[in-house]
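Undergrad: Predicted structure and sequence below. I'll ask about it afterward.
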Amino acid sequence: MLGLLTLTIFLPALMAAPVYLVGKRNARLGAVLGIGTTAAVFLLSLSILAVYPMGSSGFQLRESASWASSFGLEYKVAIDGISLPLLLIATILSLLAAAGSWDLIKTREPEYYALFLIFETGIIGVFTSLNLILFYVFWEVVLIPMFFFIGIWGGPRKKYASMKFLIFTYVGSTIMLFGFLALYAWTGAQGSPSFDYETLVQRVPSLIMPFQLVAAITTFIGFAVKLPIVPFHTWLPDAHVEAPAPVSVLLAGLLLKMGGYGMIRYNLFLFPDAAEILWPYFAVIGLVTMIYGASVAIVARDLKRMIALTSINHMGYVLLGTFARNSAGIQGAVFQMFNHALAIGILFLMSGYIQKHAGTRNIDELNGLRGKMPTTATLLVLGSMAAMAVPGLANFISEYQVIQGALSANYLFAVAILAPALTVGYFLWMLRRVVLSPPAGPKDELPLRSLLVLAAFLAPLFVFGAYPGPLLNSIIKPAVDSVLPSIVSPGGP
Amino acid sequence: MVQYAPFISLAVFGLAVTPVGMLGNGRMKGGLAAPVALFGLLASLASTVWLATRAVPSGPFGPSPPVLVMDSFTYFFTGILLTVSIFVTVASFHFMKNDVNVAPYYGLLILSTLGMIVLAASLDLILLYVGWELMSIPTYALTAIRKHDPNSNEAAMKFFVLSALSSALIVYAISLLFGISGSTNLVTISSALGGVTSDTRSYGILAVVMFVVGFGVKMAVVPFHMWIPDAFEGAPTTVAALLAAGAKMASFAAAFRVFIIGIGLFNIDWYSTFAIVAVVTMTFGNVAALMQKSFTRLLAYSSIAQAGYILIALATPTTASGNPVGIAGGLFHVLNYSILKTASFIAAAAVVTRLAVTNLDSFNGLARRMPQTSFNIAVLFLALAGVPPLNGFFSKALLFTGAIYSQFSWGSYLAIAGLLNSGFSMGYYGWIIKRMYFDEATDSSRVAEPRAYMSVLWAATLLTFVIGIYPDPWIRMSQDAAAALMSARPLPAT
């Protein structure tokens, strides 16, 4: 049966052609239609939240249809407490990034909004599909619009950045695909081949260990390129620096989350026995990524590059928390993805606005923002506080949970505490140079609509920072705790 | 007789097109050839579809053991090859518009297509050879049809010499097999080879090697690929489309018949040989494609790489339990490759006709000059690279699954090699898209895009999406064809 979830997934893609055709006649009208579609999808996701049974574990709102049974393909989507927060963040961020594009994207708008909507379908599909090939299809549907976003609307080195992005992530994806195809073939050798996620959860433990390890490692590589981990991260700073600001919001806010989601859903939940062996390596990679990302962000001159490197740092928490393999760590990882998307979203969009108004993104040249753009400066401080994980904002809770989870896995992960310390350091230094320096020009504030878009990113962070209960206890925690016993007790469910 | 309708209509129209095309005078001269040719091809395709969808007339027809077999495998390839030929014919409406040799062109095109489908249907080596030559000889003339163009002549010469060599090797292989088994029928040969003795065994191996080389030349397998880039670049671009998709895929059909039925039970390990050749072919094709400066040469090398993927089906045809997953994947990829590659060459023809150059610099900013062509090339290339939800992804996935699924322990490495190759092939497919959409043209004036080419391109793009979004019927067709191929094998002697 198809229903609400399917509508949410495909509404954006269905609207892509109308948005393009309307946009060809009247670019601004097309933009309104595009932004309106993302708003409608956001409302649909709220209605999913409304019908989602709070406190439930396992997959809800299942919808399925036959697709290509000759090759084990089935259209099957559902959400659980791990995909629901990501589904929400996908629709929120798409709406806000589309709204932010209104002022920042002025060329070839019909193509832009059409691709934007195709991207949104892909990203929602990734977070909801329960068939491995369906997942892969949505995974790649995300890739192509992003390639065009960077290549057409990007900065001076856009061609290099877009090709690098395409090849890195596409090669990563094909390695991941090997893991999926191998699972089909290996379960086939056992009797009946399957691409179905829930069937595989039952059957993967009966595969021999080398097969489980191979599948776990190949899929990990695909996710790791997207997350990204060191040393597969080099596409990210280039892509971010060249991408237009709203696209950076999508890239950091949503595309990276695909990697984090994949690691939880596949590497941890689907291959628990392999994770039993591999978790220390993955967690250490997470730790290295956290500290590396923070360290290189210190020396970044370009505000946007600094923010981009921050997200490498913050996605390291997701990896560390996931492979701490305990309730606090995994909850923290999911919550961290939700919070990071919003925090990085406001910072990236703001970097775009600042560049448009101040003419530069160079931290050393951007001085006196407090005098020139007082409200923007305030929002920049608040956004930075979110990225620094200051208590009172939701980011604090998630990073705390991750580090707590890591510590209970092994006390040596106490090193992780270095990462937030470094993060606070470079953010404060950036704020001192950008905000607190004497102003060098007249006042030039952003229009109210831009300020409202920026403030909208912060609102959930304050709300969930003060009262994370509903999201953590009623949605994320039940989903994590119901799967956890089968993960930490090796040998099958 | 009715079951041979696809052949008969091609034979009749193939012979009739040229004289009919000669009718008329002045501006009308040759004007009838193209529509008549198209009608013949459509009639043949319609009869194929009609035969394939109704119950096949049972009972023996023709001599026994049969020389021609009308099974799902034959219908599958006939459908594909006729579609390729129809695409080429429609594109030739514009491409050959002012050529003096337009009437013979269409006649040769149809006769060559007839050769291809005979090749796909034959179960007897003599008929197979007849089909092979009927396919090849018209293509030499087609390659050289612009007799005042030195490139066209050079391409034809190279193509002819290598192709003649491959024909000679095939004849020799056939004679060796006849010597061992006393038959030219593939099924009879196969059962005879089960009991081959050690002193005739080495002749059998020699015959296998000669078949590999002979078919390999046409299949564009490394190291027999040398003629491909030169011929595809020098030949008229629509003829290159016919060679790259039609002749090449028909050779694959013959290879499937010979290797799976004929010597499938012959007790030598040709699987690992094909695996090595597959990896070398796909890797070489992709690496060489990265270095090309001309669009048609890039397409030629990309077609070599794609031949490497299809070879995986010959290396790992079945699973341990005998389920032909690999063959089904290979056949599905043949279907998708044929559509994609024909259309890519026809896109090249559109660019050649309008801009008169094919070097890659002329593709800079093409999206503004020829938006329809550029969009279609982008879709076709993404499908060739294997991006879902386009058709190329699903056939590659099935093909690589077949490799992992096979009884060989190296199957997984073969799949990894194929997947990594697909990944890196994005380097040049993406590069062309980058040139068309991200780079700026030196001259950005809008160029008219002829309707003949565009109709083919849009049809191919539509098929790419339709097969990709709902692959089920097409996968089933490939599986049926694979099952038909396997069922023609005699039961192994126990």
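TA: Here it is on my side, so go on. Residues are numbered from 1 along each chain as shown, chains lettered A, B, ... in the order given.

Undergrad: so who does whatever residue of the stretch 51-200 of chain B ends up closest to chain A touch?
TA: For the stretch 51-200 of chain B, the residue closest to chain A is residue B:72, as judged by Cβ to the nearest Cβ, at 14.1 Å. C-beta: built from backbone N, CA, C; applies to glycine. Residue B:72 makes contact with B:52, B:477, B:480, B:481, B:483, B:484, according to Cβ atoms under 8 Å, 6 or more residues apart in numbering or on different chains.

Undergrad: Would you reformat these as CSV and include pLDDT, neighbour count and secondary structure?
TA: Below are the contacts of residue B:72 laid out as CSV (pLDDT from 0 to 100; neighbours: other Cβ atoms under 10 Å in any protein chain shown; DSSP: H, G, I helix; E, B strand; the rest coil):
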residue, pLDDT, neighbour count, secondary structure
B:52, 87, 20, helix
B:477, 93, 20, helix
B:480, 92, 19, helix
B:481, 93, 29, helix
B:483, 91, 17, helix
B:484, 89, 18, helix
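
Undergrad: Can you tell me which of those lies closest to residue B:177?
TA: Residue B:177 lies nearest to residue B:484 out of the contacts of residue B:72, by Cβ to Cβ, at 22.5 Å.

Undergrad: looking at it, the closest one is touching residue B:70, isn't it?
TA: No: when contacts are counted by Cβ atoms under 8 Å, residue B:484 is not listed as touching residue B:70 (10.0 Å).

Undergrad: ok, residue 159 - contacts?
TA: In the absence of a named chain, chain A is used. A:151, B:434, B:438, B:439.

Undergrad: Correction: the question concerned chain B.
TA: Taking Cβ under 8 Å, 6+ apart, we find residue B:159 in contact with B:139, B:140, B:143, B:227, B:231, B:235, B:243.

Undergrad: and the fourth one, how far is that from residue B:161?
TA: Here the criterion is Cβ to Cβ, to the nearest Å. By it, residue B:227 lies 8 Å from residue B:161.

Undergrad: before we move on, the earlier item: taking the contacts of residue B:72 together, which two end up most distant?
TA: The span of the contacts of residue B:72, defined through Cβ to Cβ, is set by B:52 and B:483 at 14.1 Å.

Undergrad: Which strand or helix spans residue 317?
TA: Since no chain was named, I'll use chain A. Here residue A:317 sits within helix A:303-323, counting by DSSP states H and E.

Undergrad: wait, I meant chain B there
TA: For residue B:317, there is no helix or strand it lies in under DSSP H and E.

Undergrad: close enough to count as contact, it and residue B:328?
TA: No: counting by Cβ under 8 Å, residue B:328 is not a contact partner of residue B:317; they are 9.6 Å apart.

Undergrad: okay, residue B:311: pLDDT?
TA: At residue B:311, the model reports a pLDDT of 94.

Undergrad: Next one: residue B:219 from residue A:452, what distance?
TA: Distance from residue B:219 to residue A:452, by Cβ to Cβ: 62 Å.

Undergrad: Which of these two has more residues huddled nearby?
TA: residue B:219 (27 against 11; other Cβ atoms under 10 Å in any protein chain shown).

Undergrad: Can I take it that residue A:65 is in a strand?
TA: Yes: under DSSP: H, G, I helix; E, B strand; the rest coil, residue A:65 falls within a strand.

Undergrad: okay, now it: neighbour count?
TA: By other Cβ under 10 Å, neighbour count at residue A:65 equals 11.

Undergrad: Please verify my assumption that it contacts residue A:77.
TA: No: the criterion here is Cβ under 8 Å, and residue A:65 misses it with residue A:77 at 9.5 Å.

Undergrad: hmm, back to that, with distance to residue B:400 as added columns, please give the contacts of residue B:72 in a markdown table.
TA: Output for the contacts of residue B:72, formatted as a markdown table (distance: Cβ to Cβ, whole Å):
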| residue | distance to residue B:400 |
| --- | --- |
| B:52 | 28 |
| B:477 | 20 |
| B:480 | 21 |
| B:481 | 19 |
| B:483 | 20 |
| B:484 | 23 |
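
Undergrad: Give me the subset of these that also touch chain A.
TA: For chain A, no contacts are drawn from those by Cβ under 8 Å from any Cβ of the partner chain.

Undergrad: where does chain B come near chain A, residue by residue?
TA: Chain B has residues B:319-320, B:382, B:385-389, B:393-394, B:397-398, B:400-401, B:404-405, B:412, B:415-416, B:419-420, B:422-424, B:426-427, B:430-431, B:433-434, B:437-439, B:470-472, B:475-476, B:479 near chain A, with proximity defined as Cβ under 8 Å from any Cβ.

Undergrad: make it 7 Å
TA: B:319-320, B:382, B:387-389, B:397-398, B:400-401, B:404-405, B:412, B:415-416, B:419-420, B:422-424, B:426-427, B:430-431, B:434, B:437-438, B:471-472, B:475-476, B:479 (Cβ under 7 Å from any Cβ of the partner chain).

Undergrad: State the phi and psi torsions of residue B:387.
TA: Here is the backbone geometry of residue B:387 (degrees, to the nearest 10): phi -90, psi 130.

Undergrad: Can you report how many residues lie near it?
TA: Neighbour tally, residue B:387, other Cβ under 10 Å: 24.

Undergrad: ok, residue A:439 touching residue A:371?
TA: Yes: contact criterion Cβ atoms under 7 Å: residue A:439 and residue A:371 qualify, at 2.9 Å.

Undergrad: Quickly list what's touching both of those two.
TA: Common contact partners of residue A:439 and residue A:371 (Cβ atoms under 7 Å, 6 or more residues apart in numbering or on different chains): none.

Undergrad: Where helices are concerned, which of the residues of chain B next to chain A count?
TA: Judged by DSSP state H, helices contain the following of the residues of chain B next to chain A: B:382, B:397-398, B:400-401, B:404-405, B:412, B:415-416, B:419-420, B:422-424, B:426-427, B:430-431, B:434, B:437, B:472, B:475-476, B:479.

Undergrad: buried subset of the residues you listed?
TA: B:382, B:397-398, B:400-401, B:404-405, B:412, B:415-416, B:419-420, B:422-424, B:426-427, B:430-431, B:434, B:437, B:472, B:475-476, B:479 (16 or more other Cβ atoms under 10 Å in any protein chain shown).
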